[in-house]
Each structure stands twice: as C-alpha cells, then as structure tokens.
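**Q** fold the following and give me the result.
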Amino acid sequence: MRTGTYRQVLAQPGIALLMLLGFFSKIAVVAIPVVMNLAVVFGLHRGFGAAGLVIAVWTVGVAVGGPIQGRMMDRYGARPVLAVCLVGQLLFWGLGPSMPYGLLMAGAVVSGLLNLPGFSIVRLRLAVAVPEELRHTAFALDAMTSNISYMVGPALGVTIATSISSTVSMRGLGLVVAIAGVGLWLLNPQVRDATKTANGKPPKVPVRDWLKGGLIPVLAATTATTLATSGYETAIVGGLRESGQVGWSGLVLTVCGFCSLLGALTYGMLKKPPIPAAGLAALVGLTTLIGGFATSDWRLLCLAMVLPAGLCSPSFASTGAAASALAPAGSRGLVMGVYSAAMTLGNSVGAPLSGAVLDARSPVWAFTVIGLASAGLALLGLARSAYLARSAVRDGETVPALADTAA
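**A** Okay, the predicted model is just below:
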C-alpha cells in the first residue's frame, strides 16, 4: 500500500479546493430527499405517501437531468451549467416553503432537472486532471467525501426540520447550495478534454460507439452497488424492528458508514485495483446475503455488515474511475451523466424492492433478494466484459477499455 497517494492527488492544481466545494454541495444534495419529505409532512401536513411521490418525481428529474447537464458541460464547460442550475435551485428552495402541494411537485421535477452537479463536476475534473496511475486513488477520495456527506447531510436536515421548522431546513439547504454553487462557479474547474477538432470544438462521438463497449458492464456494476446499499439500509431497519431492536438502527447504519469510509481509504492506497469494477460490485451483493442471518441481535448485524459496507465505497470508486477511462474525449460529461443516472436508478429500485419483500416475507428474504439481484446484475456485466474480451482476441483487436474496468 502507498500512504502518499492521497497527498499526490490533492497536490494537483485546484483539486483540494474542488474537493472541499464538492463536499459541501454533496451534503446539500443528499439531504434533499429527507428535507422534501419533512417539508410535505410537517409543512403541508400531508402523509408520507404524498411526500414519497414528491421525492419520486424529483428523482426522475435528477436521472433525466444528469446526462443533459453532462452534454452541456461537454459543449460549454461547467460555468454556464452551474449558473442555470443555481438560478433554478435558489428559486425552488426560496419559494418552496410557500408552495401548495401541486406546485411543489412540479417544482421538484424542475429542481431535479437542474440539480446542482457537484458530484459530476468533481468526477469530471478528476478524470481530466489526475494522471491515470492516481485515478483510482482520486475516485476513492471522491467516494470518501460522498460517504461522509451521506452521514452528515440527512441527519442535519432532520435535526433542523424537527428542532426549528421545515421552512428553515428548506431555505437553509438552499443557502448551502448557493454557497457551494457560487464557489464552484468562481473556481470554474476545467471539465472538458483539451482534444479539439479543426474547428476548435471537442470531437463528437456517436453514443452507440462508446455505449456498446466496456461501459455497459460498468453501468451495470454501478446500478448493482447502489441497489445493494439502498436495499440493505432498508432491510437493516426492517430486520431490527422485527426483533424489537429498531432503536439500534442508527448505530448499525453509522457502523456501515464508517466501514465504507475505511474501505475507500484502504482501496485508494493500493498500488492498483485488485479486481474489475463488476467483480467488486458482485462481492457487495453476495456479502449482503450475510446480513439476513444476523438481524436477531444488532451486534451481530454490525459484524455481518462489515464486508458489504466496507466494499461499497471501493466499488463506487472503481466504477467511477472505469467510467471516466472509457469516456471518449468530447463526450466525457455525457458519459458521467449517464453514470450518475445509473446510480440514481439503483437507489430508486433498492429501497422500494427491499421494503416490498420485508412487507411480504421477512428480513432474511429482503437481504436475500437484494443481495442476489445486485450480484446477478454485476455478474451479467462481468460476463459481458468477458464476451467482449474474447471477441476482441478472436478478431485480433485490442480493447484497452476492458482492461481499464479494473480501475
């Protein structure tokens, strides 16, 4: 292991400040679902079902908006996209507390489409600025800041909404978005490749050209990992509730967060990634199965979740680095936008699927279904990689993208 690799990444011009600003933007973005939830329940006095619908349409907006924002950054850079998104976010979070339910739902769609692209900008800049031999370390650092933001953002949103008011939590979130967004706008990180055609514009690469290769296994692994993590979080709460220990859910989830953080830290210090991205994602799914046999005691569940939680951030770092390596010059923003949409898809499916199995069967089955679905999707991606590699060998071609999927 190499202990100086993180210093080398942060020594790259502008990367340290970018990671700090990206961290604050991530805290705000990951807090959005819980803040919206409580705004509907406490502010509009509606049920959790109505709140879930608002979050659902916001999620759809994020999934659709990510690739569009990425394409715009490919063409115009980060600053114009940030400016448009900032205006949309300030209007929504400033006016949101006074909106009726129907208007809030419409606003949530627009807010999702114009979601502050902090995650994407950080990943795009890392892909452009960090040397290839340090890229898996850079994406491990990105995974760590994302992991901490998930530990801080929702908890902070709940605390403000319940101890002060949902109005303050919405407008406070808007303030954090504004500060982070203005900081990123002033920094204006270069997210486009230097490669240009004769007319001075980035080369255009047809979607089918970059999508048909090794990117599909990476996207499958990305969705598989987020499906597992969002699903096992729901299964943990459901399992402990059934055993009468639901009060320990927060502690177990905190342990999962710290294991994930340590996993990313360790992964980033490796000289090179040990296995392909799809292989790591498959391990996340398979080790999730262990949790189903440990819900009778919160201490056992903490131990059972060490492996899946410890592997999830390395899996995200691996898929992020692989997606950036596979993205052609001129389409990197679009590719990373599609990558973000793959993450959103897994998050959107994992928790509802786990909850449905919990209601219909038991916690053991929830962990089992989530684990097998995640592992199965990742293994399909791995099989796709192997097929492409065999085809390339048979045709006498070289496919560097497939080798890079371990990054």
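**Q** going forward, measure contacts and count neighbours with C-alpha atoms only.
**A** Fine.
**Q** quick check, pLDDT for the spatially closest residue to Ala129 that is not a sequence neighbour.
**A** Excluding the flanking residues, the one nearest Ala129 by Cα to Cα, 6 or more residues apart in numbering is Gln12, at 7.5 Å. You'll see Gln12 listed with a pLDDT of 87.
**Q** hmm, Pro131 and Gln12 touching each other?
**A** No. Gln12 is beyond contact range of Pro131, at 9.4 Å (criterion: Cα atoms under 8 Å).
**Q** was I right about Gln190 contacting Arg125?
**A** Yes. Counting by Cα under 8 Å, Arg125 is a contact partner of Gln190 at 6.3 Å.
**Q** and these two? Which one has more around it.
**A** More crowded of Gln190 and Arg125, by other Cα atoms under 10 Å: Arg125, with 21 against 18.
**Q** okay, and that one sits in which element?
**A** helix 118-129 (DSSP states H and E).
**Q** what angle separates the helix or strand just after that helix from helix 118-129?
**A** Following helix 118-129 in sequence order, the next helix or strand is helix 135-163 (DSSP H and E). Orientation check (axes from the mean of the first three to the mean of the last three Cα atoms, to 10 degrees): helix 135-163 against helix 118-129 gives 160 degrees.
**Q** centre of the chain versus helix 135-163, how much separation?
**A** 11 Å (Cα atoms, centre = their mean, to the nearest Å).
**Q** list the buried residues of that helix.
**A** 135-154, 156-158, 160-161 (16 or more other Cα atoms under 10 Å).
**Q** likewise stretch 170-178?
**A** Buried positions in stretch 170-178, judged by neighbour count with 16+ other Cα under 10 Å: Met170, Arg171, Gly172, Leu173, Gly174, Leu175, Val176, Val177, Ala178.
**Q** which strands and helices sit next to the helix holding Arg125?
**A** Helices and strands touching helix 118-129, by 3 or more Cα pairs under 8 Å, 6 or more residues apart in numbering; DSSP states H and E, are helix 15-38, helix 135-163, helix 306-326, helix 332-360.
**Q** which elements pack onto the second one?
**A** Looking back up the chat, that one is helix 135-163. Checked by 3+ Cα pairs under 8 Å, 6+ apart, helix 135-163 has helix 5-10, helix 15-38, helix 118-129, helix 166-187, helix 249-268, helix 306-326 packed alongside it.
**Q** contact partners of the first one?
**A** Okay, so that is helix 5-10. Residues outside helix 5-10 that contact it (Cα atoms under 8 Å, 6 or more residues apart in numbering) are Ile15, Ala16, Val130, Leu134, Thr137, Ala138, Leu141, Gly268, Met269.
**Q** at 7 Å instead, please
**A** Ala16, Val130, Leu134, Thr137, Ala138, Met269 (Cα atoms under 7 Å, 6 or more residues apart in numbering).
**Q** before we move on, back to that, of the helices and strands packed on helix 118-129, which is nearest Arg71?
**A** Proximity to Arg71, assessed across the helices and strands packed on helix 118-129 by Cα to Cα, is greatest for helix 332-360 (4.6 Å).
**Q** after the closest one, next one along is what?
**A** helix 363-394.
**Q** what comes up buried for that next one?
**A** For helix 363-394, a neighbour-count test (16+ other Cα under 10 Å) marks 363-382, 384-385, 388-389 as buried.
**Q** pLDDT (mean, whole number) over stretch 113-121?
**A** 91.
**Q** start at 582 instead
**A** Okay, using 582 as the starting number, the last item reads as stretch 694-702.
**Q** ok, and what's touching it?
**A** 603, 606-607, 642-643, 645-646, 663, 666-667, 669, 772, 917-918.
**Q** so how far is the first residue of that stretch from its last?
**A** 16 Å (Cα to Cα, to the nearest Å).
**Q** gap between that stretch and the chain center?
**A** 11 Å.
**Q** likewise for stretch 759-771?
**A** Using Cα atoms, centre = their mean, the offset of stretch 759-771 from its chain centre is 20 Å.
**Q** what does stretch 817-828 give?
**A** Per Cα atoms, centre = their mean, the centroid offset for stretch 817-828 relative to its chain is 26 Å.
**Q** stretch 806-813 too?
**A** With Cα atoms, centre = their mean, you get 11 Å for stretch 806-813.
**Q** run through who's touching it.
**A** 862, 865-866, 893, 924, 927-928, 930-932, 935, 948, 951-952, 955.
**Q** 8 Å - rerun?
**A** Contacts for stretch 806-813 (Cα under 8 Å, 6+ apart): 862, 865-866, 869, 890, 893, 896-897, 924-936, 947-948, 951-952, 955.
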